[in-house]
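1. Sequence first, then the predicted structure:
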Amino acid sequence: MQKIAVYCGASMGNEKAYQEATMQLGNYLVEHDYELVYGGGGLGLMGLLAEQVLDNGGQVHGIMPHKLVEREVAFDKLTDLTVVDNMAQRKQMMLDLSDGCIALPGGPGTLEEIIEAFSWARIGENNNPCIFYNVKGYYDPLKIMFDQMTEKGFLTSEDHQKLLFSDSLDEIFNFMTDYVPPKIRTYNTANETKF
């Protein structure tokens, strides 16, 4: 692994723990020679993460739609910034450039990006491991939702095990190192159970 895509909020959140965890992740990336791939913003946890990596001598690759660049939200100290036409291209390029995906606390955009990456893994469109950096239990409600998906028959237990919720960076990166992508999902309507 060389490059890690990180999805996170363009806001700081209202607990110091989110900022501390963001800085710890930035330090961990540099200490282990990983490059950061992220959305290119200079605000919130996004900006804090990029600055932490850069300040410690790391490499940061930003990818941002031109409309957001025009709004002057791009971070101006990046190793490089790729400007794309839209959010769909940004998400695809982030996956293409990276070897793993981590979601820090964030809002709907953060959630949408990591969920899409995991969904694409199930159909063979993304070989990257997907992890929720579960700072202070931020993603606990979502973890319960994935447990319910499995319990109710909408997600296989095998695929569920391909998704990690953790507040430990060592556990997160060990998971990435040992990760094997899920088997590509196939469909067999003959085996559908109807009630």
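-> Great, that's in hand.

2. ok, which stretches of this protein are strands?
-> With strands called from DSSP state E, the chain shows them at 3-7, 35-38, 60-65, 80-84, 100-103, 130-133, 163-166.

3. Show the contacting residues for residue 26.
-> Counting by CB atoms under 8 Å, 6 or more residues apart in numbering, residue 26 makes contact with 36, 48, 49, 50, 51, 52, 53, 56, 58. Bear in mind the C-beta positions are built from the backbone N, C-alpha and C, glycine included.

4. cutoff 6 Å now
-> Listed by CB atoms under 6 Å, 6 or more residues apart in numbering, the contact set of residue 26 reads 49, 52, 53.

5. Going by distance to residue 136, which of those residues wins?
-> Of all the contacts of residue 26, residue 49 has the smallest distance to residue 136: 17.1 Å, by CB to CB.

6. Now do the closest residue to residue 58 other than its chain neighbours against residue 17, distance only.
-> Using CB to CB, 6 or more residues apart in numbering and skipping the chain neighbours, the partner closest in space to residue 58 is residue 30 (3.9 Å). As judged by CB to CB, to the nearest Å, residue 30 and residue 17 stand 21 Å apart.

7. which residues touch the helix or strand of the chain with the lowest mean pLDDT?
-> Every helix and strand in the chain was compared by mean pLDDT, DSSP states H and E; the lowest is helix 66-70, with a mean of 86. Helix 66-70 has contacts (CB under 6 Å, 6+ apart) with residue 83.

8. which residues of the chain score low on pLDDT?
-> 188-195 (pLDDT under 70).

9. Quick one: residues contacting the residue nearest to residue 58.
-> Applying CB under 6 Å, 6+ apart, the residues near residue 30 are 53, 56, 58.
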